[in-house]
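1. Here is a sequence with its predicted model. Questions after.
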Amino acid sequence: MNGREDKKDNDLFFTCSLIEYIARKTKNHRSMVVDTLGKERISKIYELADIYHSDNIERVSDDFIAESNLQNGDFDNVTLARYAVPSYWDIGKVYKRLILGIAKEKNIDIVEALFSAYKSFVSEKIDDYNSSLYYENPQYILDAYLNNTIK
């Protein structure tokens, strides 16, 4: 542990923030970005996050968009937002906490938990910036995921 949190937790935070950045830039659902990047690239991002984090996120995103041949979509949750839009760092933190919770609860590795989180109904709710889910208590979001329902 170096600093306030575990290094790998910080690497996950960057990975999730980069996914959010790419999704906004290409106007794609987060699940589409994760599927297109694939497990190998996401594992690479996660493993080398400390290096990528020291570079410009726009350039890093351009490299992964080109490498994976990710096409632009038409999902623009930023434009659809009626209220203040959380930053890609804010959303990265939400996903990081969810993924860590999933990995712990299901006893699975981080990349598997990442795919599970982004492919869940909770991801669609987090990405609706007109709802309140993205700023709910992390345990509430994890419980929604685990119980497959929002109460």
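-> Arrived safely, thanks for sending. Computed from a prediction, not measured in an experiment: that's the story for all the values here.

2. Please report the number of neighbouring residues for Arg41.
-> 14 (other C-beta atoms under 10 Å). Heads up, the C-betas are built off the backbone N, CA and C, glycines and all.

3. for Ile57, same thing?
-> 17.

4. so the residue lying closest to it once chain neighbours are set aside is in which element?
-> Spatially, and ignoring its direct neighbours in sequence, Ile57 is nearest to Tyr21 (5.6 Å; C-beta to C-beta, 6 or more residues apart in numbering). Assigned by DSSP states H and E, Tyr21 belongs to helix 7-26.

5. Helix or strand, whichever it is, which one in the protein has the lowest mean pLDDT?
-> Least confident helix or strand of the chain, by mean pLDDT, DSSP states H and E, is helix 77-80 with a mean of 89.

6. buried residues in it?
-> Asn77 (16 or more other C-beta atoms under 10 Å).

7. And for stretch 100-116?
-> Applying 16+ other C-beta under 10 Å to stretch 100-116 flags Leu100, Gly101, Ile102, Ala103, Ile110, Val111, Ala113, Leu114, Phe115, Ser116 as buried.

8. Which residues does that stretch contact?
-> 8-9, 12, 15-16, 34, 39, 42-43, 46, 95, 99, 117, 138-139, 142, 145-146 (C-beta atoms under 8 Å, 6 or more residues apart in numbering).

9. and these, which are buried?
-> Leu12, Thr15, Cys16, Val34, Ile42, Ser43, Tyr46, Tyr95, Ile99, Ala117, Leu142, Tyr145.

10. Those in strands, which ones?
-> Taking DSSP state E, every one of the buried ones among the contacts of stretch 100-116 sits outside strands.

11. May I see these arranged in TSV, with pLDDT and distance to Leu80 as well?
-> Listed next are these as TSV, based on pLDDT from 0 to 100; distance: C-beta to C-beta, whole Å:
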residue	pLDDT	distance to Leu80
Leu12	97	27
Thr15	98	25
Cys16	98	21
Val34	98	21
Ile42	98	26
Ser43	97	31
Tyr46	97	29
Tyr95	97	19
Ile99	98	25
Ala117	98	22
Leu142	96	26
Tyr145	95	23
